[in-house]
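Chemist: the sequence and its predicted three-dimensional model are supplied below.
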Amino acid sequence: MTAPAQPIARSGAKVAAWRPPILQSLPLRLSVIAICFLWTVPTAGLLVTSVRNPELIQQSGWWTSLLNPFAPNQWTLNNYAQVLQSGGMGTAFLNSLIVTVPSTVIPITIAAFAAYAFAWIPFRGRGILFTLVIALLVVPIQMSLIPILKIYSSASLYGTFFGIWLAHTGFGLPLAIFLLYNFMSQLPRDLFESASIDGASHLQTFIRIVLPLSVPALGAFAIFQFLWVWNDLLVALSFLGVSNDVRVMPTALLALLGSKGGQWQLLTAGAFVTMLLPLIVFLALQRAFIRGILAGSVKS
Amino acid sequence: MAVIARTENPPLSRYVLPIAGLVGAVLCVAGIVVLIDPHGGAKLLASVYDLLGNTDGATALRNGGGDQLVAKILLAIIALLVGVGGIWLLFLGVGALVSLLQPKWRDRILPWVFAGPALALLSVYLLYPAVGTFLRSFFDAKGVFTLANYQVMTTPDFLEILRNNVIWLVVATGGSVLLGLIIAGLFDRVRRESLAKTFIFLPLAISLIGASVIWLFIYAWQPKGQPQYGLLNAIWTGLGGGPVPWLTTSPINILCEIVIMIWLQTGFAMVVLSAAIKGVSTEIIEAARLDGATERQLFFGVIVPMIRGSIITVATTIAIAVLKIFDIVYTTTGGRFHDDVVANRMFHEMFQFFNDGRAAALASLLFVGVLPVMYINLRNFRRQQVEG
């Protein structure tokens, strides 16, 4: 933390000619690299172990394989083949997709209409109802588990994809409405006045003007909800259950943990399979994700 | 074409949208019927196979075998059609129907068409259950009013759980925010800042259970004399210590679990705080430098107080997530080594002991925990409304 001041400041301060900046900022750079390294080691250990020969895993640490990577019989992809087939991760991957896609698209659609109404259609009770949405933002899902479970078992919705789509839609709606409302209510008023002078109905204004302009907010929430649903264990465990034909990836990984506790080659490969899609989505759409985080958390 | 038709024959086209909406509504109901049936996808696909003459495939499907995968995908497509297409048709159809009404009625009904589905779902999935859970926490299994579900919270067993939740709240929240702040401050001053941030940020995409597996492997323990393949014990024994079963040793296991959460959440704190730091005006920073402030004084004495608002927001957001922490405890130890937390215990009361009353009381406890945040959110919103 005793990094020198001027040369590394990004404000373009003059660098003393007799001292190369690279030397001065070295402690800072080294600490940044060290932090990045520290943060990546856990995931690297997982990845390396998942492609190691199972016989080696319990004999030596994963880092020894990195030190002599060309030793014979070191690497294998067999762990993945095993976990996808007999471990049931392949089916779970598809189930996760089937759960996640509708659970992302449906709440966005419903929330967009609601956010528009809250932002631009005056109606009686609007203030109270939107206050309710804000209050529901922080209500723990735990408050919903028992009553919904009762409804689901009597309506035989337990263990169905339909049930979990609805549940994720319900739980995702407050944040979706809140984010989209924040965005839509910031659109310039003139836009709506000129549209209404042109004789456009609310429906037309919504479809032709508001939706196209809201794409950044819609995208940001889509990434949020996708990651949340894909990574969710609690809702899936409570309403979808553990049977092979419907269980999602986190549940399948939990089952592996219970039955194959010591078999690290399967656990690490399984964990990496569950992480694969979120990591790709995340890396590809990082900017939109950060924008969403900032919009969601920094409320003036 | 459409334009001509509209000008020549207005009454007809006025009814096209409502009719399309009604057709959509009928299709939606049919779709929901398929969706509600647990084997709806398989049954529908079997009927399609029958039509195509593939009787073997149809029979296999009806007996629970055959192309179950295709049936599942068919189900998902129907869900998307009903969920998205259905809602659009509903909105378009009803919206068009409503616009046929007199303006007075139209303006009264239209907002409810837009906001109605969302409000209905919120009521069913959040509002009604929250009230129900709170009420349930005052009743025993026979439906008799009791305070026992709350009285049990004062037993040593539950006091330990509450203590653990407080440790989680303080250490996990404080750790994530502090690390996020320091990392944001450091990374702000190097080139390739966004690349460096990606490393810290990446765990945010990983599920809590995925992260738990990653760290279970780090905390792995082998008896003395055997090779320590867990990273932490390898380092620890390398330094001369004896192997430690980290996750079963109280109270160190709580910290080990908290580290997982900090590893995940620091990236979130870093992103928000980094944006806040960039918002501090360069003039103030330059002025402080001219006054001879060291970089450390500048950061903690000038920048941190200026971004206090963002720090509080980040801390609140992380605290809410930490309060409800479930996955990490459930998957690493199950809370069996004096490291149990409220949400984990609630899950066990619900699914293992079938003690709904006590589970409801534990959930209500979490709800009480978020009440201050709810109050602040509402107050901020009110203030915003007044200003706007």
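Modeler: That came through, no problem. Numbers count the residues shown, from 1 in each chain, chains lettered A, B, ... in the order given.
Chemist: and the helix or strand harbouring B:L97, how far from the chain's centre?
Modeler: Per DSSP states H and E, B:L97 falls inside helix B:87-100. Taking the mean C-alpha point of helix B:87-100 and that of its whole chain, the gap between them comes to 32 Å (C-alpha atoms, centre = their mean, to the nearest Å).
Chemist: now do the SS call for B:D339.
Modeler: Secondary structure of B:D339, reduced to three states by DSSP: H, G, I helix; E, B strand; the rest coil: coil.
Chemist: meant to ask about A:I35
Modeler: Look at A:I35: counting by three-state DSSP, its state is helix.
Chemist: what is the burial count for it?
Modeler: 19 (other C-beta atoms under 10 Å in any protein chain shown). To be clear about C-beta, it is placed using only N, CA and C from the backbone, and glycine gets the same treatment.
Chemist: so it touches B:L186, yeah?
Modeler: Yes: with contact taken as C-beta atoms under 8 Å, A:I35 and B:L186 are classed as touching, separated by 7.3 Å.
Chemist: circling back to that earlier point, hmm, the helix holding B:L97 touching chain A?
Modeler: Yes: contact between helix B:87-100 and chain A, assessed by C-beta under 8 Å from any C-beta of the partner chain, occurs at B:87-88, B:91-92, B:95-96, B:99.
Chemist: next, give phi and psi for the residue of the stretch 101-250 of chain B found nearest chain A.
Modeler: Chain A sits closest to B:Y125 of the stretch 101-250 of chain B, with a gap of 2.6 Å, by C-beta to the nearest C-beta. Note on B:Y125: its backbone torsions stand at phi -100, psi -20 [degrees, to the nearest 10].
Chemist: what's near enough to touch it?
Modeler: Residues counted as contacts of B:Y125 (C-beta atoms under 8 Å, 6 or more residues apart in numbering or on different chains) are A:144, A:148, A:166-167, A:169-171, A:173.
Chemist: quick check: the gap between it and B:G41.
Modeler: Counting by C-beta to C-beta, to the nearest Å, the gap between B:Y125 and B:G41 amounts to 24 Å.
Chemist: the contacts of B:Y125: which two are farthest apart?
Modeler: The most widely separated members of the contacts of B:Y125 are A:I148 and A:L173, with 14.2 Å between them, by C-beta to C-beta.
Chemist: on that earlier part again, can I get the contacts of B:Y125 in TSV with pLDDT, secondary structure and neighbour count?
Modeler: Below are those laid out as TSV (pLDDT from 0 to 100; DSSP: H, G, I helix; E, B strand; the rest coil; neighbours: other C-beta atoms under 10 Å in any protein chain shown):
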residue	pLDDT	secondary structure	neighbour count
A:S144	96	helix	26
A:I148	96	helix	28
A:L166	93	helix	25
A:A167	96	helix	27
A:T169	95	helix	28
A:G170	96	helix	25
A:F171	97	helix	25
A:L173	96	helix	25
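Chemist: could you save the residues you listed as JSON lines and add columns showing distance to B:T59?
Modeler: Listed next are the contacts of B:Y125 as JSON lines, based on distance: C-beta to C-beta, whole Å:
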{"residue": "A:S144", "distance to B:T59": "40"}
{"residue": "A:I148", "distance to B:T59": "36"}
{"residue": "A:L166", "distance to B:T59": "31"}
{"residue": "A:A167", "distance to B:T59": "33"}
{"residue": "A:T169", "distance to B:T59": "35"}
{"residue": "A:G170", "distance to B:T59": "38"}
{"residue": "A:F171", "distance to B:T59": "39"}
{"residue": "A:L173", "distance to B:T59": "41"}
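Chemist: and whichever helix or strand A:P27 is part of, how far out from the chain's middle?
Modeler: With elements delineated by DSSP H and E, A:P27 resides in helix A:26-50, which encompasses its position. Distance of helix A:26-50 from the chain centroid (C-alpha atoms, centre = their mean) equals 22 Å.
Chemist: what is the helix or strand following it packed up against?
Modeler: Note on helix A:26-50: by DSSP H and E, the next helix or strand toward the C-terminus is helix A:54-57. Helix A:54-57 makes packing contacts with helix A:264-284 when contacts are defined by 3 or more C-beta pairs under 8 Å, 6 or more residues apart in numbering or on different chains; DSSP states H and E.
Chemist: buried ones in the helix it packs on, by neighbour count?
Modeler: Of all the residues in helix A:264-284, those buried under the rule 16 or more other C-beta atoms under 10 Å in any protein chain shown are A:264-275, A:277-279, A:281-282.
Chemist: tell me what angle the helix or strand just after that helix forms with helix A:264-284.
Modeler: If you walk from helix A:264-284 toward the C-terminus, the next helix or strand you reach (DSSP H and E) is helix A:286-297. When axes from the mean of the first three to the mean of the last three C-alpha atoms, to 10 degrees is applied, the directions of helix A:286-297 and helix A:264-284 differ by 80 degrees.
Chemist: who touches helix A:286-297?
Modeler: Contacts of helix A:286-297 (C-beta under 8 Å, 6+ apart): A:175, A:178-179, A:182-183, A:216-217, A:219-221, A:223-224, A:282, B:198, B:201, B:268, B:271-272, B:275, B:313-314, B:317.
Chemist: restricting to C-alpha, output that helix in CSV.
Modeler: Once side chains and other backbone atoms are set aside, the C-alpha atoms of helix A:286-297 remain, and they are given as CSV (Å, rounded to 0.1, in the frame of the first residue of the first chain):
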residue,chain,number,x,y,z
GLN,A,286,-19.8,-8.9,-18.8
ARG,A,287,-20.4,-5.2,-19.7
ALA,A,288,-24.2,-5.6,-19.7
PHE,A,289,-24.0,-7.5,-16.4
ILE,A,290,-22.0,-4.8,-14.7
ARG,A,291,-24.4,-2.2,-16.1
GLY,A,292,-27.2,-4.1,-14.5
ILE,A,293,-25.5,-4.4,-11.2
LEU,A,294,-24.9,-0.7,-11.1
ALA,A,295,-28.4,0.1,-12.1
GLY,A,296,-29.8,-2.3,-9.4
SER,A,297,-27.6,-1.3,-6.5
